[in-house]
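Engineer: model the structure of this input:
(one chain, ligands or ions: 2)
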Amino acid sequence: MALKNILVTGGTGYIGSHTVVELLGSGYNVHIIDNLSNSDRSMLERIHQITNKIPYFTQLDLRNKIDVFKFFEKHTKFDGIIHFAALKSVGESVFQPLKYYENNVVGLLNLLEGSSQNNINNFVFSSSCTVYGSPDLVPVTEHTKFGHTPSPYGATKQMCERILDDYSYSSSDYNTISLRYFNPLGAHDSGIIGELPSGIPNNLMPYITQTAIGIRPYLAVFGNDYSTPDGTAIRDYIHVMDLAKAHVKAVEYFALQTGKVNEKINIGTGKGKSVFDIIHSFEKVSGIKLNYKIEGRREGDVESIYANATKAENLLNWKAELSLDDMTRSAWNWEQKYRKEG
Ligand code: NAD
Ligand code: UDP
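Structural biologist: Ligands and ions are numbered 1, 2, ... in the order given. Sure, this is the predicted structure:
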């Protein structure tokens, strides 16, 4: 049976908002819950500008069990949940581990308990390639074992996957898919929504665009002495719109199955790109010579990780379609438009 009404937690955030646009465009009804700790209510108007539709919105903190239960008493009609809401700063999590365990793990527990009152049996979880730690072999498949993750953030993703496994096991008809994202980049083509990190960006792409627009003096390249072709670290960068589409495919997949679903699926392009590849692509699409300096390696960084993404293709009929230049171009378009128009 086709799913129609989707609850999206963290739907005003970066990946959530792009996914909401895709869901609305595909005809789903969307209800967002978000505590706005890392996003802004104005996102709803931005989504409206793109889709001509306004998703339902409830401001709610998943850490608050009573509020979560009240929400599910009032709203009973969801066919599925996509759970993005989490804190995501790897570095911050090292210094504030309890905040991360409470937000990401307790948040999931409250959501599962609250929603269990309403018999909502389809659940998509935002996991991450960080669950693999520092792999011995790349590309990683879904059979690659969990590795040691130096950050509490990474540990929360491993724990949440385990919780979902156990929960699914305990029930005859609870369906879960954990999508293990690699490195999302870029923005919607319109430039109306994109990634807006608070404070100094940790991630590569927003640091590049903020340097190019003059907010940061230079980009520090963290290490050029890795055993990689150009000496810089390798990741699997994936366009946020491709990632958004993978969520719609996951929801469609639930509707097609008769048996129980419990899957982990890599969402990447299958191609490893270096930090210099990103810089060169950015320089090409923007026509700007980026100011960067080589600095030491960042603690905890993995040398190389990229996905074997064939499971997503076989199971979900999903494949990344957009190129690295599409990613850097759309990120730059968003940065310029946002700084000019807000
Ligand atoms: P984001 O911070 O832009 O969005 C997360 C949203 O969740 C925000 O709007 C925030 O306000 C909300 N939120 C956080 N805690 C909440 C709570 N307790 N109750 C209600 N709302 C809450 O992050 P994003 O980049 O869109 O990431 C979305 C998900 O994808 C996260 O689970 C993240 O861990 C995961 N992920 C992100 C990346 C990445 O590089 N961006 C990579 C892999 C996985
Ligand atoms: N990186 C960098 N300078 C920065 C930010 C990131 O050289 O200011 C590198 C980082 O060392 C890694 C890659 O860019 O090799 C991607 O880092 P990001 O933080 O975006 O994602 P991660 O893979 O660490 O989650």
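
Engineer: and the helices in the stretch 151-300 of the chain?
Structural biologist: In the stretch 151-300 of the chain, the helices defined using DSSP state H, counting those that start in this stretch lie at 152-169, 204-212, 240-256, 275-286.

Engineer: host element of F57?
Structural biologist: Under the criterion of DSSP states H and E, F57 resides in strand 56-59.

Engineer: adjacent strands (with direction) for that strand?
Structural biologist: Take DSSP bridges as the rule and strand 56-59 pairs in its sheet with strand 29-34 (parallel).

Engineer: gap between the partner strand and the chain center?
Structural biologist: Taking the mean of its C-alpha atoms, strand 29-34 sits 16 Å from the chain's own mean (C-alpha atoms, centre = their mean, to the nearest Å).

Engineer: dump the residue contacts of V275.
Structural biologist: Residues near V275 by C-beta atoms under 8 Å, 6 or more residues apart in numbering: 204, 221-222, 232-233. C-betas here are computed from N, CA, C, even on glycine.

Engineer: least confident secondary structure element in this protein?
Structural biologist: Of the helices and strands making up the chain, the lowest-confidence element is helix 90-95, at a mean of 92, by mean pLDDT, DSSP states H and E.

Engineer: quick one: buried residues of that helix?
Structural biologist: Buried residues in helix 90-95, defined by neighbour count with 16 or more other C-beta atoms under 10 Å: 90, 92-93.

Engineer: residue of the stretch 51-200 of the chain closest to ligand 2, please.
Structural biologist: Of all residues in the stretch 51-200 of the chain, N183 sits closest to ligand 2, at 5.2 Å by C-beta to the nearest ligand atom.

Engineer: now that residue: how far from ligand 1?
Structural biologist: Relative to ligand 1, N183 is positioned 6 Å away (C-beta to the nearest ligand atom, to the nearest Å).

Engineer: try R41
Structural biologist: According to C-beta to the nearest ligand atom, R41 stands 10 Å off from ligand 1.

Engineer: now that residue: closest residue in space that isn't a chain neighbour?
Structural biologist: Excluding its sequence neighbours, the residue lying closest to R41 (C-beta to C-beta, 6 or more residues apart in numbering) is T12, at 7.1 Å.

Engineer: give the contact list for the one you found.
Structural biologist: Taking C-beta under 8 Å, 6+ apart as the criterion, T12 is in contact with 32, 34, 36, 39-41, 43-44, 57.

Engineer: let's see that with 7 Å instead.
Structural biologist: Shown in contact with T12 (C-beta atoms under 7 Å, 6 or more residues apart in numbering): 32, 34, 36, 39-40, 43-44.

Engineer: on that earlier part again, which of the helices of the stretch 151-300 of the chain sits closest to I265?
Structural biologist: I265 lies closest to helix 240-256 among the helices of the stretch 151-300 of the chain, at 7.6 Å (C-beta to C-beta).

Engineer: near ligand 1, anything from the closest one?
Structural biologist: No: applying C-beta under 6 Å from any ligand atom, one finds helix 240-256 separated from ligand 1 by no less than 8.4 Å.

Engineer: list the buried residues in that helix.
Structural biologist: For helix 240-256, the neighbour count (16+ other C-beta under 10 Å) marks 240-251, 253-254 as buried.

Engineer: G27: which of these is nearest?
Structural biologist: Minimum distance to G27 across those is 10.0 Å, recorded for V248 (C-beta to C-beta).

Engineer: pLDDT value on L24, please?
Structural biologist: L24 is assigned a predicted lDDT (pLDDT) of 98.

Engineer: is it true that it touches I50?
Structural biologist: No: using C-beta atoms under 7 Å as the test, L24 is too far from I50 to be in contact (8.5 Å).

Engineer: re earlier: any chance of CSV for the contacts of T12, columns neighbour count, pLDDT and secondary structure?
Structural biologist: As requested, those are exported to CSV (neighbours: other C-beta atoms under 10 Å; pLDDT from 0 to 100; DSSP: H, G, I helix; E, B strand; the rest coil):
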residue, neighbour count, pLDDT, secondary structure
I32, 28, 98, strand
D34, 27, 98, strand
L36, 14, 97, coil
S39, 20, 96, coil
D40, 13, 94, coil
M43, 24, 97, helix
L44, 19, 98, helix
